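> model this:
(chains A and B)
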Number of protein chains: 2
Amino acid sequence: MLHIVGLGVSDDSIPYNIEDIIQKADIVYLEVFTSPDINTSQIRRICPTLQMAPRWLVEDGRRILEESEYKDVVLASYGDPLVATTHTELRVRAAQRGIPVNVVHGPSAITTLVGECGLHHYMMGRMATIMSEDTLLETPYMVSYRNAVLGNHTLLLLEYNQDADFFLKADVALQRLSDAEKSYRRGVFTPDRHCIVACRIGTKRQLVVSGSLSSLEGYDFGEPPHSIILTGRLHFTECDAIRVLTRCMDGPPENQTIKSIPQQMIEKYTPMIHKSIQDLPDCSNNEKLIVQNAISYIQDAQRALESGQDEVAILSIGYADGLVDALRISHGMDPKI
Amino acid sequence: MLHIVGLGVSDDSIPYNIEDIIQKADIVYLEVFTSPDINTSQIRRICPTLQMAPRWLVEDGRRILEESEYKDVVLASYGDPLVATTHTELRVRAAQRGIPVNVVHGPSAITTLVGECGLHHYMMGRMATIMSEDTLLETPYMVSYRNAVLGNHTLLLLEYNQDADFFLKADVALQRLSDAEKSYRRGVFTPDRHCIVACRIGTKRQLVVSGSLSSLEGYDFGEPPHSIILTGRLHFTECDAIRVLTRCMDGPPENQTIKSIPQQMIEKYTPMIHKSIQDLPDCSNNEKLIVQNAISYIQDAQRALESGQDEVAILSIGYADGLVDALRISHGMDPKI
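Below is the predicted model:
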């Protein structure tokens, strides 16, 4: 039998019945390559015969599966074990071979982090991981952008590489996000943007720091692990929680929003098209009809934006612009777009 | 001191050190109004003097806070306690009054559900709750749509109301989502859409059923609690896991995608504008310039869509349509839009 058990995020959140499972087991493996070794003292105390499971052993899996066929094998890991895809894959392979699998869930860093930062869980958008290589920032940036436009919070996990004994630190990650802003320019990681940095969550040296990106810059967050949450639209109870539960550098802002691309487009094109109309020479009746159409599509765009129909808003403003530019071109003027 | 402790999702996932905390405590409260009473036998066994905390007691909070000032008080609840905003608010108020708070995290239904369904956690978009009132389906529908367009999975929790002893069941919720599709028409809950229904997760009677909406229709999922996951784009390892870990009615489809509104718009308008151009009478040179512009903006729209610049794609196709419609109107023809 294979037991896949989660140790949670702190030394004392290890699930109740794990002691019993471990004492009856023939082999107990501990893996610390999906997450750092910060919550394992309790299991080390319970199980003196603990064996470390290197990455290849779990990813390859064959030895663990063979042993599980005739022995009681425990694979223990940080957090909730099935958050790591490696463990789910091992579980599936075991089931395919007819090996019984017992999963014991543990408290996950994902829910723990959000709770310790005082945020509402149902406002969390998709999460992302920031890697240290320069080329890989598009995903976390775009995930953060999409969440921010909808007012959602974004949990950004930071790269951990046990083989290289490397954990990306929050100060480096924040600097990289600011740099990414200069490339992608969607207003996601501007200096005034509010973030929370969660350090060593679950340990006795837990620290949560919050503030604008510029006030978090250069902060010494201490030893890893660190994570970052880009906050979205904050409920007033979230603001209260951030003030009380975190070391506030400044803020939190209640009305932090980010202008969506559709909103930016409507704001840019509306005055531009009106100006184009004013610049037109005397118009024929058919041409006046075109101008009237353009004006009503500008109004449609505004209404669509207000009712959340972003795509219709853009289509309408683009259409209005096309109508007016056709008039300009037919009068020998340059189009405005 | 106030201890806010999570009991996890199953009777045996209760954290290790809770027994110790409970035995030393003066008062132990158990709340079962944020979630149903499915994982409390262990704490009831440990603590014979357990008191039930009704909703008003926790929401009002004053008695618990007063008691916590001079006694050791435990508030125990399902899952990871800080996922419920009620508990976070109580924690914040305690901290504001200078009462020490000890949080013990438990395994949350959120990560447990995703893991038990074999899905990758970093592909989970924002979650939503389905309420039984008819008017409140816009949020879960739109949250699901936005996730689906990006290929993300959506966890849909179902209403629980302890006061009314009511738990929304998955078969009713699925029917309501199909009905919502008829109103919102974004292709999110069509009969072929793949979903997973997770029933009684963490209990001995756990059941996970997967399949297209139409094959899940009329399935008897048994006693609540139930939850639904609308799957997004599935990785092949997720497909393997779904096949092995769930009761598969059909599927899972590896390439399930949903056409975004921008994609639908480009597909609809591109042939329509080309047809409009063909229908035009003989054109002047300036008018030919307008047609050339329209054609190149149609191409721009396609390119923008392919590179993920959805907003630019819509703006371009709308602009092309406006250019051509202006020509039509100036020739006394009706616009096409």
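> ok, and does stretch A:162-169 reach over to chain B?
No - using C-beta under 8 Å from any C-beta of the partner chain, stretch A:162-169 stays clear of chain B, coming no nearer than 16.0 Å. Where C-beta positions appear, they are placed from N, C-alpha and C, glycine not excepted.
> now A:Gln206. Its backbone dihedrals?
Per-residue torsions, A:Gln206: phi -60, psi 140 (degrees, to the nearest 10).
> if you could redo that for A:Val104, that was the one I meant.
Torsion angles, degrees, to the nearest 10, at A:Val104: phi -110, psi 110.
> contact partners for it?
By C-beta atoms under 8 Å, 6 or more residues apart in numbering or on different chains, the residues touching A:Val104 are A:3-6, A:15, A:17-18, A:21, A:81, B:12-13.
> so A:Ser49 sits in a helix?
For residue A:49 the amino acid is Thr, not Ser. No - the assignment for A:Thr49 is coil, going by DSSP: H, G, I helix; E, B strand; the rest coil, so no helix is present there.
> out of the contacts of A:Val104, who has the most neighbours?
A:Gly6 (32 neighbours; other C-beta atoms under 10 Å in any protein chain shown).
> and the pLDDT for that one?
Looking at A:Gly6, its pLDDT reads 92.
> and the residue nearest to it when sequence neighbours are not counted, how many neighbours does it have?
Distance criterion C-beta to C-beta, 6 or more residues apart in numbering or on different chains; nearest residue to A:Gly6, sequence neighbours excluded, is A:Gly106 at 2.5 Å. Residues near A:Gly106, counting by other C-beta under 10 Å, number 31.
> quick one: contacts for A:Gly106?
Contact partners of A:Gly106, counting by C-beta under 8 Å, 6+ apart, are A:5-9, A:13-15, A:78-81, B:13, B:107.
> which ones among those residues are found in helices?
Among those, DSSP state H puts none in helices.
> in the stretch 101-250 of chain A, which spans are strands?
Ranges of strands within the stretch 101-250 of chain A are A:101-104, A:128-130, A:154-158, A:160-161, A:166-167, A:194-199, A:207-212, A:226-230, A:247-248, based on DSSP state E, counting those that start in this stretch.
> could I get these as JSON lines with mean pLDDT?
Shown next, in JSON lines, are the strands of the stretch 101-250 of chain A (pLDDT from 0 to 100):
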{"stretch": "strand A:101-104", "mean pLDDT": "94"}
{"stretch": "strand A:128-130", "mean pLDDT": "95"}
{"stretch": "strand A:154-158", "mean pLDDT": "97"}
{"stretch": "strand A:160-161", "mean pLDDT": "90"}
{"stretch": "strand A:166-167", "mean pLDDT": "92"}
{"stretch": "strand A:194-199", "mean pLDDT": "97"}
{"stretch": "strand A:207-212", "mean pLDDT": "97"}
{"stretch": "strand A:226-230", "mean pLDDT": "97"}
{"stretch": "strand A:247-248", "mean pLDDT": "96"}
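> could I get these as CSV with distance to A:Ala320?
Below are the strands of the stretch 101-250 of chain A laid out as CSV (distance: least, C-beta to C-beta, whole Å):
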stretch, distance to A:Ala320
strand A:101-104, 57
strand A:128-130, 36
strand A:154-158, 34
strand A:160-161, 51
strand A:166-167, 52
strand A:194-199, 36
strand A:207-212, 37
strand A:226-230, 34
strand A:247-248, 45
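> wait, which of the ones you listed is closest to B:Ser210?
Nearest to B:Ser210 among these is strand A:101-104; the distance by C-beta to C-beta comes to 17.9 Å.
> for chain B, see how far away A:Gln206 is.
Applying C-beta to the nearest C-beta, to the nearest Å, the value for A:Gln206 to chain B is 10 Å.
> how far away is that residue from A:Leu156?
For A:Gln206, the distance to A:Leu156 equals 18 Å [C-beta to C-beta, to the nearest Å].
> please name the nearest non-neighbouring residue to the residue of the stretch 101-250 of chain A found nearest chain B.
For the stretch 101-250 of chain A and chain B, the shortest gap (C-beta to the nearest C-beta) falls at A:Gly115, measuring 2.6 Å. Leaving aside its sequence neighbours, A:Gly115 sits nearest to B:Leu82 (C-beta to C-beta, 6+ apart; 2.6 Å).
> I'd say that neighbour and A:Leu113 touch.
No - B:Leu82 lies out of contact with A:Leu113 (C-beta atoms under 8 Å); the separation is 9.9 Å.
> quick one: contacts for whatever residue of chain A ends up closest to chain B?
Closest to chain B within chain A is A:Gly322: 2.1 Å, counting by C-beta to the nearest C-beta. The neighbourhood of A:Gly322, defined by C-beta under 8 Å, 6+ apart, consists of B:294, B:297, B:318-326.
> with adjacent residues omitted, what lies nearest to it?
Closest residue in space to A:Gly322, ignoring its immediate chain neighbours: B:Gly322 at 2.1 Å, by C-beta to C-beta, 6+ apart.
> tell me which helix or strand the one you found sits in.
Element membership for B:Gly322, per DSSP states H and E: helix B:310-330.
> got the CA positions of that helix in PDB?
Output in PDB follows, covering the C-alpha atoms of helix B:310-330 (Å, rounded to 0.1, in the frame of the first residue of the first chain):
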ATOM      1  CA  ASP B 310      -7.600  40.200 -28.500                       C
ATOM      2  CA  GLU B 311      -8.400  43.800 -28.000                       C
ATOM      3  CA  VAL B 312      -6.400  44.900 -31.000                       C
ATOM      4  CA  ALA B 313      -8.000  42.200 -33.000                       C
ATOM      5  CA  ILE B 314     -11.500  43.500 -32.300                       C
ATOM      6  CA  LEU B 315     -10.600  47.100 -32.800                       C
ATOM      7  CA  SER B 316      -9.100  46.200 -36.200                       C
ATOM      8  CA  ILE B 317     -12.100  44.200 -37.400                       C
ATOM      9  CA  GLY B 318     -14.500  46.900 -36.200                       C
ATOM     10  CA  TYR B 319     -12.400  49.500 -38.000                       C
ATOM     11  CA  ALA B 320     -12.400  47.500 -41.200                       C
ATOM     12  CA  ASP B 321     -16.100  47.100 -41.000                       C
ATOM     13  CA  GLY B 322     -16.600  50.800 -40.400                       C
ATOM     14  CA  LEU B 323     -14.500  51.700 -43.400                       C
ATOM     15  CA  VAL B 324     -16.500  49.500 -45.700                       C
ATOM     16  CA  ASP B 325     -19.900  50.500 -44.300                       C
ATOM     17  CA  ALA B 326     -19.000  54.100 -44.800                       C
ATOM     18  CA  LEU B 327     -18.500  53.300 -48.500                       C
ATOM     19  CA  ARG B 328     -21.900  51.500 -48.600                       C
ATOM     20  CA  ILE B 329     -23.700  54.400 -47.000                       C
ATOM     21  CA  SER B 330     -22.100  56.900 -49.300                       C
END
